[in-house]
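K.L.:
This is a predicted model, with the sequence first.
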There are 2 protein chains.
Amino acid sequence: MRLLEEKIKTDGRVISENVLKVDSFLNHQVDPSLMNEIGKEFAEIFSNEEITKIVTIESSGIAPAVMAGLHMNVPVIFARKRKSLTLYEGLLSASVHSFTKNETNDISISKKYLNENDKILIIDDFLANGQAALGLVDLVEQANAKVVGIGIVIEKSFQPGAQKLIELGFRVESLARIESLSNGEVLFINEKVKG
Amino acid sequence: MRLLEEKIKTDGRVISENVLKVDSFLNHQVDPSLMNEIGKEFAEIFSNEEITKIVTIESSGIAPAVMAGLHMNVPVIFARKRKSLTLYEGLLSASVHSFTKNETNDISISKKYLNENDKILIIDDFLANGQAALGLVDLVEQANAKVVGIGIVIEKSFQPGAQKLIELGFRVESLARIESLSNGEVLFINEKVKG
């Protein structure tokens, strides 16, 4: 998605070979107009999947997911993240390890908002090692609902998450795919192909 | 806001005299189309305030705030919530006590996203005791920016938050104002006036 790639180039900050900060427009300060375009894009990409609900995870997934939900006219559920979850009968829960923060969180969704007839689009801001996406897949499958797609705003393609999810048979669509963050610069996969 | 009040009547669940659950459309599962209407409404109400940015708090404030930002064409910043914050030079931070959860969190915003020329609209999903809103006001004022309005989706008018903020001189606009949750029923202030 051209608009997003341009925004990453101008406003993203490369912190290291693994870390890209986009807190000026995506995960701290949010650009609502860009989120709206991202939502439209997801709606178009997944238009043939008969999606009934979107599932995301707090907090940074919420803005793009809600915009996608607006354009697809479906509800959005955001999983809650907790350091440690007191088990509770009405909740589906899974463990998610963050390599970036080196911490494990429990994530959860109320059982009543997912059922076996749901066709779910998972949306998240970043895909790196795939732990968050796999946790969300786990929650959806616990409810016997079907994951029909995974929509990612920024994929760090040099980390193994996307490949892992594709090998598991999921349709993964990322709006920006980063080949590398070497030398303080963002290189997208399409740039590499062209160059 | 009629549409919101109707949604609260049909889909909200009164848990006790103090607790209204709206996790089917606002703070767990989210109704994007309703959020869009809420965003429009805030944009209209505060149209004369020359707002430059919206400030909210993760996670439940994000959906209504981003929709408001879309209709007002301004960025949205969501404050991060942490059990305990390691002090860090680039952050504005404040303490917020939640009476509902009986816990205190530190909330924070990066300094670089607020400045003295900003006219800020604070948006949040609920207003009860006013602690979250006061914490956000604190962050904004630490940056020498000005709070020009506080937009609330659901105000529990029988708790002291709204009154507190109004006495401090803030313009508080709540889209649904709940007079009471007695006898398992939601009574709005406008119903009381009419009745």
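P.N.:
Thanks, I have it.
K.L.:
Does whichever strand or helix holds A:Glu155 reach chain B?
P.N.:
Element membership for A:Glu155, per DSSP states H and E: strand A:146-156. No - counting by Cβ under 8 Å from any Cβ of the partner chain, no contacts exist between strand A:146-156 and chain B, the nearest distance being 13.7 Å. Every C-beta, even on glycine, is put in place using the N, C-alpha and C of the backbone.
K.L.:
Could you tell me which residues of chain A lie near chain B?
P.N.:
A:23-25, A:28-33, A:35-36, A:58-59, A:62-63, A:66-67, A:69-70, A:73-78, A:80, A:83, A:109-110, A:113.
K.L.:
in chain A, which spans are strands?
P.N.:
In chain A, the segments counted as strands under DSSP state E are A:13-14, A:20-21, A:29-30, A:53-57, A:76-82, A:91-98, A:103-110, A:119-127, A:146-156, A:172-180, A:187-188.
K.L.:
which residues touch the last one?
P.N.:
Spelled out, that is strand A:187-188. Identification of contacts with strand A:187-188 by Cβ atoms under 8 Å, 6 or more residues apart in numbering or on different chains yields A:5, A:176-181.
K.L.:
between those residues, which has the most around it?
P.N.:
Counting neighbours by other Cβ atoms under 10 Å in any protein chain shown, A:Ala176 comes out on top of the contacts of strand A:187-188 with 27 neighbours.
K.L.:
where's that residue relative to B:Gly130, distance?
P.N.:
Distance from A:Ala176 to B:Gly130, counting by Cβ to Cβ, to the nearest Å: 40 Å.
K.L.:
go on, A:Leu114?
P.N.:
Distance from A:Leu114 to B:Gly130, by Cβ to Cβ: 34 Å.
K.L.:
what about the residue sitting nearest the centre point of chain A, distance to B:Ala68?
P.N.:
Geometric centre of chain A, nearest residue: A:Asp124, 1.5 Å, by Cα atoms, centre = their mean. Distance, A:Asp124 to B:Ala68, using Cβ to Cβ: 23 Å.
K.L.:
just A:Lys7 next, same as before
P.N.:
21 Å.
K.L.:
how far does stretch A:34-54 stretch from start to finish?
P.N.:
End-to-end distance for stretch A:34-54: 19 Å, by Cα to Cα, to the nearest Å.
K.L.:
List the buried residues of the strand holding A:Glu155.
P.N.:
Neighbour counts using 16 or more other Cβ atoms under 10 Å in any protein chain shown place A:147-156 of strand A:146-156 among the buried residues.
K.L.:
Run the chain-centre distance for it.
P.N.:
Strand A:146-156 sits 5 Å away from the centroid of its parent chain (Cα atoms, centre = their mean, to the nearest Å).
K.L.:
any idea of the angle that strand forms with strand A:119-127?
P.N.:
10 degrees (axes from the mean of the first three to the mean of the last three Cα atoms, to 10 degrees).
K.L.:
Would you mind writing the CA trace of strand A:146-156 as PDB?
P.N.:
Coordinates of each C-alpha in strand A:146-156 appear next as PDB, following Å, rounded to 0.1, in the frame of the first residue of the first chain:
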ATOM      1  CA  LYS A 146     -12.800 -20.200  11.300                       C
ATOM      2  CA  VAL A 147      -9.900 -17.800  10.600                       C
ATOM      3  CA  VAL A 148     -10.400 -16.900   6.900                       C
ATOM      4  CA  GLY A 149      -7.600 -14.300   6.800                       C
ATOM      5  CA  ILE A 150      -4.900 -12.400   8.700                       C
ATOM      6  CA  GLY A 151      -4.500  -8.700   7.800                       C
ATOM      7  CA  ILE A 152      -1.300  -7.000   9.000                       C
ATOM      8  CA  VAL A 153      -0.500  -3.300   8.800                       C
ATOM      9  CA  ILE A 154       3.300  -3.800   8.900                       C
ATOM     10  CA  GLU A 155       5.100  -7.100   8.300                       C
ATOM     11  CA  LYS A 156       8.700  -7.500   9.200                       C
END
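K.L.:
okay, the angle between that strand and strand A:172-180?
P.N.:
Between strand A:146-156 and strand A:172-180, the angle comes out at 20 degrees (the same axes, to 10 degrees).
K.L.:
any idea of the angle strand A:146-156 forms with strand A:53-57?
P.N.:
In terms of direction (the same axes, to 10 degrees), strand A:146-156 departs from strand A:53-57 by 40 degrees.
K.L.:
What helices and strands are in contact with strand A:146-156?
P.N.:
Under the contact definition 3 or more Cβ pairs under 8 Å, 6 or more residues apart in numbering or on different chains; DSSP states H and E, strand A:146-156 sits against helix A:2-11, helix A:32-45, strand A:119-127, helix A:131-142, helix A:161-167, strand A:172-180.
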